[in-house]
Structure formats: C-alpha cells, structure tokens
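Novice: Predicted model and sequence below, questions to follow.
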Amino acid sequence: MDAPAHPPAAAGARRRVVLLGATGSIGGSALRVIARHRDRLELVGIAAGSNWRRLSEIAREHAVRSVALCDPAAAAEATASGHFPAGTRILPGLAGLTELASMPGADVVLVAVVGTAGLEPALAAIASGKDLALASKEILVLAGRFVMEAARRSGTRILPIDSEHNAVFQCIEGHPGAALSRVILTASGGAFRDWPLERLAHATPSDALKHPNWSMGPKITVDSATLANKGLELMEAQWLFDLRPSQCAAVIHTQSLVHCLVEFTDGSMLAQLAPSSMTFPIQHALLYPGRAPGVEPPVDFTRTVNLDFRPVDEARFPMLRLAREAMEAAGVAPAVFNAANEVAVGAFLGGRIPFLAIHAVVAQSLARNANFEPPGLSAVLEVDSEVRRTALEDVARFK
C-alpha cells in the first residue's frame with residue numbers, strides 16, 4: 001500500500017493524537033510511546049469502553065480535555081464523579097467516540113477498540129481527512145472494501161498498528177506493487193502450540209491466556225491460541241496491501257522476532273525484526289515517516305539469537321483453514337467468520353463452551369449463512385448482527 005503524500009508537519013510542531021481504546025493493552029503501549037516523545041506527540045483525545053477511573057488518570061497525566069466512554073452509564077458516572085480535570089468534555093456512547101475521531105485539530109486517530117465498535121469512529125476519522133493508525137483487525141475484516149474506498153476518496157493515510165502489518169508496510173515501502181509476490185505473516189502459535197492434540201479438549205481459559213511471547217488482551221490472546229488472529233490478519237493484509245488471497249500466507253515462528261517476510265517476484269525476501277512489544281509498531285505509525293529512539297531496546301545480537309520457522313499444522317489450528325476459506329469466498333464470509341469467532345471466544349472465556357467448540361461454532365455459522373457480495377455497509381452490519389444472534393444459539397446448545 002503506497003501511503004499518499006501528506007505535507008510534513010511544521011518544524012517543532014507536535015502531532016496531535018486521538019487514542020480510542022486508551023485503557024486496553026494497545027492503549028497502554030501507545031501511552032508509553034507518547035510519554036517518551038512528548039516533544040513530538042501530544043495526546044488531545046482519549047476514549048474507553050467503561051473504565052472511566054483509568055481514563056481520568058490518563059486525562060490528568062496528559063492534560064487531555066476531550067474524552068469519550070462507549071458505555072453511556074459509565075459516561076454519566078464519570079461526569080458526576082468529579083475525577084476529571086475541570087473543563088473536560090465527557091462524550092457518551094458510540095456517538096461520543098465518533099465525535100472524538102473527527103475532532104478539529106487532531107492529526108492522527110489511533111483506533112484500538114476491541115471488536116467492531118471502532119468501525120464508525122474509523123470512518124469518521126477517514127471522512128475528516130486524518131491519518132488513521134489502525135489496530136482493530138475487525139474493521140477491515142468486516143468492511144475492508146468500504147473502508148479502503150473511503151480512504152482513497154479522502155486521501156487518508158492508513159498506518160497499520162498490528163506488528164505484522166506494520167512490518168509489511170515497512171518492507172514494501174518504495175517497492176512497486178507489481179514487484180510483490182506474496183506476504184508471509186508470522187505466528188507465535190500461542191499458548192497451545194506444543195500441547196499434545198488430545199490435551200486441547202481440556203484447555204481452560206486460564207491456560208489459553210498464558211501467551212509465551214506477548215502481553216495482550218484476553219480476546220486476542222485466545223485468538224492467538226486458535227490462530228484465528230492470523231486468519232483475521234491475512235484478511236486485513238489483503239485489503240491494506242491490495243493482495244489476492246493466494247498472496248497471503250502464514251508461518252509459525254516461535255520467537256516472535258520476525259514479524260513478516262515479504263517475497264518479491266525475483267524470489268528475494270525482506271524481513272522485519274523487532275522485540276515482541278507493541279511499542280515498536282505504534283511508534284512507527286505515530287511518528288511516520290520520522291524515526292526516533294524507541295521506548296525499549298532493540299534485538300540484542302550480543303547474545304545468541306535463534307530464528308525458527310515451521311509450517312502451520314491445520315489439525316492443530318483448524319481456524320486458520322476456515323479463515324482462508326472465508327477469505328477466498330469473499331463477500332460477507334469474512335464478516336461471518338469474525339462475528340461468530342467473537343461470540344465463541346466470549347463464550348469460552350466465560351466458561352460456557354470448551355476450547356474446541358470455538359471452531360465448531362464458527363464452522364456452523366459459515367455453513368449456515370449464504371454468501372453474497374454486499375451492496376453497502378448496512379448489509380454487512382445486518383449480517384454481523386444476525387450471525388451473532390445465531391452463534392449465541394449455537395453456544396447455548398453446548399450446555
């Protein structure tokens with residue numbers, strides 16, 4: 001994906017950042033980057049789901065006067081609390097996040113909202129011509145065609161935050177699209193990559209949340225254990241970099257130091273390496289096209305560094321096969337995969353279904369729903385809502 005040319009910031013000017021999802025794991029890493037580079041970055045808006053207490057701490061630390069809470073009840077409680085600095089605007093509901101995403105004066109909106117709640121704010125940021133730093137996979141999975149079309153119309157620059165997509169972005173910069181053969185995203189394999197297959201039937205949420213390399217939120221950590229996250233990332237890569245499904249692949253890389261491999265038509269490859277911390281891709285996106293010293297040290301080559309790669313075993317990770325089939329089918333199939341997976345993962349984390357039932361719920365949803373090419377975003381949202389409803393019924397049958 002070639003980034004459109006934006007005028008450089010004036011000398012000495014700080015980039016003004018709106019952070020949606022400020023209290024989550026991505027938000028925490030973003031705050032560390034902003035704190036490290038206060039001379040280059042200024043936080044002007046923050047949003048969360050319902051954690052207004054943490055949001056008030058962030059508002060005070062960074063002198064932010066515009067905040068939003070997706071939960072209207074939490075917004076009302078926050079307004080009455082007196083915890084926020086005097087003069088702070090507290091915007092309620094999804095409309096509040098959307099208003100924050102298009103606030104005048106902001107330069108870049110970082111969307112790190114879990115699930116599909118970030119779609120409307122992302123579109124609002126695009127419509128207002130701001131840079132969009134995108135961490136929410138589901139937005140492009142659900143509505144990739146519509147989001148990318150909107151970005152092209154407005155000239156918005158989409159800067160990927162996922163470590164894998166940010167790595168691809170760095171590797172292909174300056175290379176014409178015709179030179180690109182395929183993109184290979186690396187996967188750690190998650191908590192169960194070395195478990196005996198028969199043991200997976202007894203895996204608990206606590207087991208799944210013990211990721212070997214990364215510190216992430218519960219949903220994405222479970223997705224890492226099923227490799228659903230890699231399937232979603234392949235779908236996202238297709239839209240971000242204008243690829244065919246056959247050009248998107250995945251490989252297990254247990255060290256999580258190489259975040260992508262980009263193969264060109266001549267057979268050569270470029271790889272991007274960084275330690276397994278989200279501060280690296282976040283800093284790249286927020287400061288792009290500039291560079292600066294990082295929050296954390298780089299890979300230490302004064303010590304032995306091993307890089308191992310192995311193919312994905314689909315007997316262990318059937319969710320990746322379902323994701324690839326949905327990507328090949330196109331239409332609303334990726335949205336069906338995403339919605340059913342969100343419901344199934346939530347049910348697993350809540351102790352309502354076993355780990356292996358995640359795949360069963362998603363497979364049932366894909367088999368049940370007829371695929372079609374949506375004429376507009378509203379059609380995709382209707383499918384998303386219906387799949388969630390029927391997937392919850394499937395979940396109930398496991399009791």
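Specialist: Structure's in. What do you need?
Novice: Give me the buried positions along stretch 186-194.
Specialist: Neighbour-count burial for stretch 186-194 flags 186, 187, 188, 189, 190, 191, 192, 193 (criterion: 16 or more other Cβ atoms under 10 Å). For the C-beta atoms, the positions are set from N, CA and C on the backbone; glycine is no exception.
Novice: residue ranges of the helices in the stretch 201-350 of the chain, please?
Specialist: Secondary structure of the stretch 201-350 of the chain (DSSP state H, counting those that start in this stretch): helices at 205-208, 218-226, 228-240, 279-287, 318-329, 333-349.
Novice: closest to residue 72 out of those helices?
Specialist: helix 333-349 (21.2 Å; Cβ to Cβ).
Novice: just to revisit the earlier point, could you dump the helices of the stretch 201-350 of the chain to TSV with mean neighbour count and distance to residue 66?
Specialist: What follows is the helices of the stretch 201-350 of the chain, written out as TSV (neighbours: other Cβ atoms under 10 Å; distance: least, Cβ to Cβ, whole Å):
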stretch	mean neighbour count	distance to residue 66
helix 205-208	16	36
helix 218-226	24	27
helix 228-240	26	29
helix 279-287	24	18
helix 318-329	21	37
helix 333-349	25	29
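Novice: out of those, nearest to residue 64?
Specialist: Closest to residue 64 of the helices of the stretch 201-350 of the chain is helix 279-287 (Cβ to Cβ; 15.7 Å).
Novice: That closest one - contacts with which helices or strands?
Specialist: Using 3 or more Cβ pairs under 8 Å, 6 or more residues apart in numbering; DSSP states H and E as the contact test, the elements touching helix 279-287 are strand 15-20, helix 25-36, strand 108-111, strand 131-134, strand 158-160, helix 163-172.
Novice: With mean neighbour count and distance to residue 95 added, can I get these in a markdown table?
Specialist: Converted to a markdown table, the helices and strands packed on helix 279-287 look like this (neighbours: other Cβ under 10 Å; distance: least, Cβ to Cβ, whole Å):
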| stretch | mean neighbour count | distance to residue 95 |
| --- | --- | --- |
| strand 15-20 | 25 | 13 |
| helix 25-36 | 22 | 20 |
| strand 108-111 | 26 | 16 |
| strand 131-134 | 26 | 19 |
| strand 158-160 | 25 | 23 |
| helix 163-172 | 24 | 29 |
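Novice: Switch these over to TSV; also include mean pLDDT and distance to residue 212.
Specialist: Shown next, in TSV, are the helices and strands packed on helix 279-287 (pLDDT from 0 to 100; distance: least, Cβ to Cβ, whole Å):
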stretch	mean pLDDT	distance to residue 212
strand 15-20	98	28
helix 25-36	96	16
strand 108-111	98	27
strand 131-134	97	26
strand 158-160	97	24
helix 163-172	97	15
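Novice: which residues of this structure score low on pLDDT?
Specialist: Residue ranges of the chain with pLDDT under 70: 1-12, 399.
Novice: What sits closest to residue 229 if chain neighbours are left out?
Specialist: Among residues not flanking residue 229 along the chain, residue 223 sits closest, at 3.7 Å (Cβ to Cβ, 6 or more residues apart in numbering).
Novice: try residue 77
Specialist: Using Cβ to Cβ, 6+ apart and skipping residues adjacent in sequence, the residue nearest residue 77 is residue 52, 6.3 Å away.
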